[in-house]
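# show me the folded form of this:
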Amino acid sequence: MKKNITLKDIAQKVGVSAVTVSKALTDKEGVSDDVRKKIKEIASELGYKGSSSASSWGQSGNIGVIIAKRFIKEDENAFYLKMYQGLVQTLSRFRYYGILEIVDAKSEKEFVMPKLLEDKKVDGIIILGQFQSNYIKLIEKYNVPIVLLDFYDKNLNLDSVISDSVYGGYRAVNYLISKGHRKIGFVGSIFSTNSIMDRYLGYYKAMIEARCEVKPEWLIEDRNEEGEYIPLSLPEADKMPTAFLCNCDNISYILINKLSELGYSVPEDISVIGYDNSIRSVIPALNLTTVDVNIEAMTEAATDLIIKKIKEEKHCCGMRIVESKLIIRESVKEVR
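Residues are numbered from 1 along each chain as shown. Below you'll find the predicted structure:
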């Protein structure tokens with residue numbers, strides 16, 4: 001039985017995306033005359049007959065937003081859902097709809113592609129939160145515009161929008177140092193995501209610049225290889241630091257409860273800084289000093305990028321870094 005020729009087949013033959021093929025075959029703007037002519041010639045050579053899917057890439061008015069289930073599961077403060085909400089609001093200003101699909105661990109491990117891609121329901125994809133590189137490489141094969149949000153991947157040549165996690169961690173630790181702290185721990189599994197790694201690198205840079213010792217027992221793991229939270233294993237009393245920087249506000253909350261169980265009070269005995277400026281950080285019992293991630297600026301940047309990539313085949317920006325800021329509340333005490 002003869003194979004039906006698809007937009008993807010033509011795109012691979014010409015060396016462009018399926019979006020460009022769709023525009024060329026339907027005589028839409030955004031394709032040069034030479035490229036349009038070549039696409040139509042190849043389509044004819046391959047025997048493309050056209051179908052209801054001829055314009056399926058690039059004209060649905062939908063943007064797919066893909067997120068790993070592990071981030072939703074751990075996201076008790078709704079950080080990623082808040083980011084998705086920001087995307088939906090920003091996309092709507094440009095008359096696009098954001099369609100969310102949650103990918104579970106089994107699907108990612110077994111390389112099961114998101115249904116919204118299989119059904120060709122979207123013009124572009126925003127991948128929210130980190131996935132394994134090989135999974136994203138398979139998504140790339142669909143020749144649909146892609147933007148990574150809140151992470152980057154050195155193994156992939158894809159545009160991304162991230163917060164300045166290195167400087168955010170650096171700024172937070174320098175604030176602790178300015179308050180007299182020199183024994184400062186970091187809570188986060190640094191190989192879990194590049195955001196956690198970057199925050200740790202900022203922590204480490206501030207510590208070595210201030211000639212502060214960084215002890216192995218002050219680096220506290222908070223999640224396993226699947227990204228699931230694990231119990232925090234804190235140092236013995238005689239090795240306990242005077243302050244901690246946590247990779248997110250959720251972990252700050254867990255840490256403060258753990259410290260309370262051990263008889264420590266925050267900030268009277270130990271100071272804590274969180275990250276994300278989530279809803280949880282403003283709970284009166286916490287009143288957490290934290291690093292604010294500018295979700296609005298990040299979602300606007302991601303929206304701008306994906307729309308440009310849909311309209312301009314070769315648009316490329318690399319990495320956009322959005323500035324963060326330290327929000328000072330009451331979880332840090334000065335020590336002398």
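# from now on I want contacts and neighbour counts done on CA atoms only, so please keep to that.
Will do.
# tell me which residues of stretch 150-167 come out buried.
150-153, 158-167 (16 or more other CA atoms under 10 Å).
# of all these, which two lie farthest apart?
In the buried residues of stretch 150-167, the most distant members under the criterion CA to CA are 158 and 167, with 22.5 Å between them.
# how about TSV for the buried residues of stretch 150-167, with distance to residue 189 added?
Below are those laid out as TSV (distance: CA to CA, whole Å):
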residue	distance to residue 189
150	17
151	16
152	17
153	18
158	25
159	25
160	22
161	22
162	19
163	18
164	18
165	15
166	15
167	18
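# I'd like the residues you listed as CSV, with secondary structure and pLDDT appended.
Conversion of the buried residues of stretch 150-167 to CSV gives the following (DSSP: H, G, I helix; E, B strand; the rest coil; pLDDT from 0 to 100):
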residue, secondary structure, pLDDT
150, coil, 95
151, coil, 94
152, coil, 93
153, coil, 91
158, coil, 94
159, strand, 95
160, strand, 96
161, strand, 97
162, strand, 96
163, strand, 96
164, coil, 97
165, helix, 97
166, helix, 97
167, helix, 98
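# which of these sits closest to residue 118?
Within those, the smallest distance to residue 118 is 20.7 Å, found for residue 158 (CA to CA).
# so what's that closest one up against?
By CA atoms under 8 Å, 6 or more residues apart in numbering, residue 158 lies in contact with 146, 147, 148, 318.
# over to residue 169?
With contact taken as CA under 8 Å, 6+ apart, residue 169 is in contact with 198, 199, 200, 201, 202, 203, 245.
# okay, domains of this structure per the record?
Residue ranges for the domains of the chain, per automatic domain parsing: 7-46, 62-163+295-322, 165-293.
# out of these, flag the one nearest residue 335.
Closest approach to residue 335 among the domains of the chain (CA to CA): domain 165-293, 5.0 Å.
# got the end-to-end distance for the closest one?
Distance across domain 165-293, first residue to last, is 9 Å (CA to CA, to the nearest Å).
# just give me how far that domain sits from the chain centre.
Counting by CA atoms, centre = their mean, to the nearest Å, domain 165-293 is centred 20 Å from the centre of its parent chain.
# does residue 39 touch residue 26 like I think?
No: the pair residue 39 / residue 26 is not scored as a contact, 11.2 Å apart, by CA atoms under 8 Å.
# which residues of the stretch 1-150 of the chain fall in helices?
In chain order, the stretch 1-150 of the chain shows helices spanning 7-14, 18-25, 33-46, 69-74, 79-93, 105-109, 115-118, 133-140, with DSSP state H, counting those that start in this stretch as the criterion.
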